[in-house]
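Colleague: my questions are about this predicted structure, shown below with the sequence.
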Amino acid sequence: MYLPRAFAEDDPRGLDWLLARDPFVTLVTCDGDGLPFASHLPVLYARQDGCVRLEGHWARPNPQAAHAGRALAIVHGPHHYVSPGWYPDKSNAARVPTWNYAVAHLYGVLEPLDDEDALASVVSRLAERFEPDAGGRWRYAHDDPRERG
């Protein structure tokens, strides 16, 4: 990703803010033939001792569920068009339209979970995180066979 130095954010609190606001990422991996594959999914974010951990879940039929290894998670934040007319020096300088945005590219290693209890924990914690925002009170019941896929 091209990133002009003037716009780089080195404070990890910026990433905390971005993922608290927009915990929905584009996860990019490569399949066995080296072709890129992308999925979009909600994530749980944690940062501890300089390490970032994202946890998410997608349906088992998703081909990306079989991927492991190097991955890129793209966090999309707020964005907006910037008109050249907004610059105070617009009459003295040649200005062009641009786009203002907040985004993070996180590179790491995708580690699939095969353990049923670990998967259940992720699904349950995702629901705990996002249900209140939807005005719901749904809870994952791992022992209910209708909720396994």
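Modeller: Structure's in. What do you need?
Colleague: find the nearest non-adjacent residue to the residue most central in space within the chain, please.
Modeller: Nearest to the mean C-alpha position of the chain, by Cα atoms, centre = their mean, lies residue 25 at 2.3 Å. Residue nearest to residue 25 in three dimensions, not counting chain neighbours: residue 73, with 4.6 Å by Cβ to Cβ, 6 or more residues apart in numbering. All C-beta atoms are positioned from the backbone trio N, CA, C, and that covers glycine.
Colleague: again with residue 102
Modeller: Among residues not flanking residue 102 along the chain, residue 77 sits closest, at 3.4 Å (Cβ to Cβ, 6+ apart).
Colleague: please apply the same query to residue 15.
Modeller: Spatial nearest neighbour of residue 15, excluding adjacent residues (Cβ to Cβ, 6+ apart): residue 104 at 5.6 Å.
Colleague: parallel or antiparallel, list what pairs with the helix or strand hosting that neighbour.
Modeller: Using DSSP states H and E, residue 104 maps to strand 98-110. Applying DSSP bridges, strand 98-110 is found paired with strand 69-82 (antiparallel).
Colleague: the chain - how does it break down into domains?
Modeller: Domain segmentation of the chain under the TED database yields 5-112, 115-148.
Colleague: the protein: strands as residue ranges?
Modeller: Assigned by DSSP state E, the strands in the chain fall at 24-30, 36-48, 51-56, 69-82, 98-110.
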